[in-house]
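Enquirer: this one's sequence-less:
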């Protein structure tokens with residue numbers, strides 16, 4: 001059969017085209033002269049919990065045919081990110097660099113991939129351009145899509161290129177810059193600390209205008225961010241100030257898909273990109289014997305990370321552990337954990353509904369994670385002002401996770417947050433009448449705290465706690481105990497204690513008493529400060 005986009009003869013064994021050809025054959029038997037209108041190769045496949053789909057020509061096919069093309073990578077969410085359950089996808093759009101005609105598209109993600117490829121399949125069949133994609137009016141409601149649908153988003157990115165509002169570079173160029181090029185990472189220092197392209201200069205986008213003097217004007221700037229948007233904005237700023245700049249399409253996320261460490265080290269092989277060209281892979285650590293296997297299935301965040309840290313503490317430097325979890329967020333968490341602590345992530349693998357990771361403990365001489373210029377301190381501080389149960393859970397989950405990743409954490413409890421530190425049983429202490437009244441009216445300990453919303457006289461909290469038990473989410477009491485064991489510094493505001501009539505004898509063990517100067521001294525050294 002003929003390919004719809006390229007016009008060449010091809011074999012595409014798909015059920016849809018086969019059924020339509022069967023219908024046409026039957027119509028000819030009865031005298032109807034119908035014609036088969038070529039094949040696009042629109043296909044979809046489920047691989048574990050991921051969906052992969054495509055339509056039209058691939059980059060490899062376009063190269064083989066010698067057809068001119070340009071490409072963009074975007075990484076939008078399948079629906080509005082503020083609505084629960086949003087999942088990121090990766091969409092690659094191929095188009096004619098002159099007319100903008102859509103030539104092909106491929107996408108991968110956990111949800112919404114088939115829907116977007118179906119739209120792009122219709123666009124190719126109708127001979128639409130990337131400018132038409134900008135104007136498509138597609139379904140929008142937060143559970144189903146975004147006001148700017150991923151198809152619109154890809155159209156915007158491609159149209160910007162054709163209107164010469166942005167110039168692109170791709171991962172292979174960013175991985176091998178010439179001496180006439182400079183890599184510029186415009187993400188935040190915390191993002192850079194978790195990983196960047198080797199040799200990149202770090203200037204956050206918000207600081208770019210005030211730090212233009214740090215960039216050479218006689219070299220081309222290759223700007224990048226996480227997914228491409230901030231890199232585009234950086235290029236607009238730099239271009240307006242006379243710099244020669246290009247943006248890395250798809251950002252650091254696309255770069256990682258080519259040069260990241262997703263392949264198991266014991267299966268070393270030649271890697272090729274989607275055009276068939278060889279990828280020069282970074283050296284990987286040799287395969288290691290598994291020292292310990294850990295089952296963390298059923299644990300919710302930060303449980304798997306805490307279990308991982310506990311296990312790594314129990315093995316020798318250079319040894320490898322294998323951990324199995326069911327928390328889907330762990331896949332990204334373990335990457336950040338290893339980047340921050342200096343341990344080596346050897347591999348992550350999906351095993352049905354579970355995820356398996358292999359981590360090699362850093363050697364005794366290792367200095368930990370590489371801190372790039374502009375990186376911030378790993379210390380974390382937080383003011384816990386609220387005494388609400390859900391906000392307290394969030395505070396201690398963050399504290400436990402940060403401590404597990406090697407951060408020094410200081411939690412400063414003030415006003416209503418002090419109630420979280422009270423012992424559950426009454427303690428005989430001398431109090432004035434007003435102080436006693438405060439004590440009667442306020443919850444005694446974290447377990448007595450109410451929800452900030454939908455508490456419904458305690459029914460809402462009881463429902464949340466029941467779900468927590470079903471999902472194996474740690475209780476607030478166990479999170480507090482874990483934080484203390486991990487070395488989290490828990491400080492009660494002395495001034496607030498005095499105002500509210502709370503005595504030090506009423507507080508749980510391991511709590512310090514301090515003031516604002518102590519807290520500010522800690523926050524001055526911290527890279528992250530939260531108010532909860």
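Expert: The structure has been received and is ready for your questions. Since this is a predicted model, take the numbers as computed values, not measurements. Numbering: from 1, shown residues only.

Enquirer: Which elements pack onto the host helix or strand of residue 71?
Expert: Per DSSP states H and E: residue 71 is located in strand 70-74. Other helices and strands packing on strand 70-74, by 3 or more Cβ pairs under 8 Å, 6 or more residues apart in numbering; DSSP states H and E, are strand 89-95, helix 150-162. Where you see a C-beta, it was placed from the backbone N, CA and C, and this is true even at glycine.

Enquirer: Let me know how buried residue 412 is, in neighbour terms.
Expert: 27 (other Cβ atoms under 10 Å).

Enquirer: what bridges to it?
Expert: residue 383, residue 491 (DSSP bridges).

Enquirer: and it, how far is that from residue 51?
Expert: Distance from residue 412 to residue 51, counting by Cβ to Cβ, to the nearest Å: 45 Å.

Enquirer: In stretch 505-518, which residues are buried?
Expert: 506-508, 511, 514, 518 (16 or more other Cβ atoms under 10 Å).

Enquirer: and of the residues you listed, the nearest to residue 19?
Expert: residue 508 (68.6 Å; Cβ to Cβ).

Enquirer: Residue 166: how many residues sit nearby?
Expert: 23.

Enquirer: now residue 497
Expert: By other Cβ under 10 Å, the residues close to residue 497 number 20.

Enquirer: Isn't residue 393 up against residue 476?
Expert: Yes - the criterion here is Cβ atoms under 8 Å, and residue 393 meets it with residue 476 at 5.8 Å.

Enquirer: which ones are touching residue 79?
Expert: Going by Cβ atoms under 8 Å, 6 or more residues apart in numbering, residue 79 touches 85-86, 111-112, 142-146.

Enquirer: now the residues you listed as a markdown table including distance to residue 482 and neighbour count?
Expert: Formatted as a markdown table, the contacts of residue 79 follow (distance: Cβ to Cβ, whole Å; neighbours: other Cβ atoms under 10 Å):
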| residue | distance to residue 482 | neighbour count |
| --- | --- | --- |
| 85 | 28 | 10 |
| 86 | 29 | 17 |
| 111 | 33 | 17 |
| 112 | 36 | 24 |
| 142 | 35 | 14 |
| 143 | 35 | 10 |
| 144 | 39 | 15 |
| 145 | 39 | 23 |
| 146 | 37 | 22 |
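
Enquirer: what about residue 424, how many neighbours?
Expert: Neighbour tally, residue 424, other Cβ under 10 Å: 12.

Enquirer: try residue 78
Expert: So residue 78, with other Cβ under 10 Å, has 23 neighbours.

Enquirer: Give me the phi and psi angles of it.
Expert: Phi and psi for residue 78, reported as degrees, to the nearest 10, are phi -70, psi -20.

Enquirer: surely it meets residue 109?
Expert: Yes - shown here, residue 78 and residue 109 form a contact pair, counting by Cβ under 8 Å, at 6.4 Å.

Enquirer: what sits in contact with each of these two?
Expert: Joint contacts of residue 78 and residue 109 (Cβ under 8 Å, 6+ apart) are 87-89.

Enquirer: which of these tops the neighbour count?
Expert: Counting by other Cβ under 10 Å, top hit in the shared contacts of residue 78 and residue 109: residue 89 with 21 neighbours.

Enquirer: which non-adjacent residue is nearest that one?
Expert: Distance criterion Cβ to Cβ, 6 or more residues apart in numbering; nearest residue to residue 89, sequence neighbours excluded, is residue 109 at 2.8 Å.

Enquirer: Who does that neighbour form a beta bridge with?
Expert: residue 51, residue 89.

Enquirer: count of residues packed around it?
Expert: 22.

Enquirer: how about it, what does it touch?
Expert: 50-51, 78, 87-90.

Enquirer: From these, pick the one nearest residue 380.
Expert: residue 88 (25.6 Å).

Enquirer: Would you mind measuring from that closest one to residue 157?
Expert: Between residue 88 and residue 157 the computed distance is 16 Å (Cβ to Cβ).

Enquirer: thinking again about what came up before, just name the closest of the contacts of residue 109 to residue 294, please.
Expert: Checking these one by one against residue 294 (Cβ to Cβ), the nearest turns out to be residue 50, at 24.8 Å.

Enquirer: which residues touch residue 88?
Expert: Residue 88 neighbours (Cβ under 8 Å, 6+ apart): 75-78, 109.

Enquirer: how far away is it from residue 226?
Expert: Applying Cβ to Cβ to residue 88 and residue 226 gives a distance of 11 Å.

Enquirer: do residue 8 as well
Expert: Taking Cβ to Cβ, one finds residue 8 at 38 Å from residue 226.

Enquirer: And those two? Which one has more around it.
Expert: residue 226 (19 against 11).

Enquirer: And the pLDDT at the more buried one?
Expert: With respect to pLDDT, residue 226 scores 89.

Enquirer: So residue 516 sits against residue 496, correct?
Expert: No - look at residue 516 against residue 496 with Cβ under 8 Å: they stay out of range, at 10.2 Å.

Enquirer: got the contacts of residue 109 as TSV, with distance to residue 325 and pLDDT columns?
Expert: Shown next, in TSV, are these (distance: Cβ to Cβ, whole Å; pLDDT from 0 to 100):
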residue	distance to residue 325	pLDDT
50	17	90
51	22	94
78	23	91
87	18	85
88	20	87
89	23	92
90	23	94
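
Enquirer: For residue 194, see how far away the residue nearest to the spatial centre of the chain is.
Expert: For the chain, the residue sitting closest to the mean C-alpha position, by Cα atoms, centre = their mean, is residue 332 at 6.4 Å. Remark: distance between residue 332 and residue 194 (Cβ to Cβ) = 10 Å.

Enquirer: same deal with residue 138?
Expert: Counting by Cβ to Cβ - residue 138 and residue 194 are separated by 34 Å.

Enquirer: and residue 493, how many neighbours does it have?
Expert: With other Cβ under 10 Å as criterion, residue 493 counts 25.

Enquirer: Local confidence estimate at the residue nearest to it when sequence neighbours are not counted?
Expert: Counting by Cβ to Cβ, 6+ apart, residue 493 lies nearest to residue 414, which is 3.8 Å off, once chain neighbours are set aside. Here the pLDDT value assigned to residue 414 is 89.

Enquirer: Look up how far residue 147 lies from residue 414.
Expert: From residue 414 across to residue 147, the span is 39 Å (Cβ to Cβ).

Enquirer: got a list of contacts for the helix or strand residue 183 falls within?
Expert: Using DSSP H and E, residue 183 maps to strand 181-185. For strand 181-185, contacts defined as Cβ under 8 Å, 6+ apart pick out 173-174, 177, 192, 196-197, 199-203, 215-216, 219-225, 234, 252.

Enquirer: taking those residues one by one, which sit in helices?
Expert: Judged by DSSP state H, the contacts of strand 181-185 include 173-174, 192, 234, 252 as members of helices.

Enquirer: Most widely separated two among those?
Expert: 173 and 192 (20.0 Å).

Enquirer: Looking at the two, which is more packed in?
Expert: residue 192 (23 against 16).

Enquirer: Hmm, residue 201 and the more buried one touching each other?
Expert: No - taking Cβ under 8 Å as the definition, residue 192 is not a contact partner of residue 201, at 10.1 Å.

Enquirer: on that earlier part again, a markdown table for the contacts of residue 109, including distance to residue 101?
Expert: Below are the contacts of residue 109 laid out as a markdown table (distance: Cβ to Cβ, whole Å):
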| residue | distance to residue 101 |
| --- | --- |
| 50 | 29 |
| 51 | 26 |
| 78 | 26 |
| 87 | 30 |
| 88 | 28 |
| 89 | 23 |
| 90 | 22 |
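
Enquirer: ok, so of these, who is nearest residue 531?
Expert: Distances from residue 531 to those, taken by Cβ to Cβ, are shortest for residue 88, at 28.0 Å.
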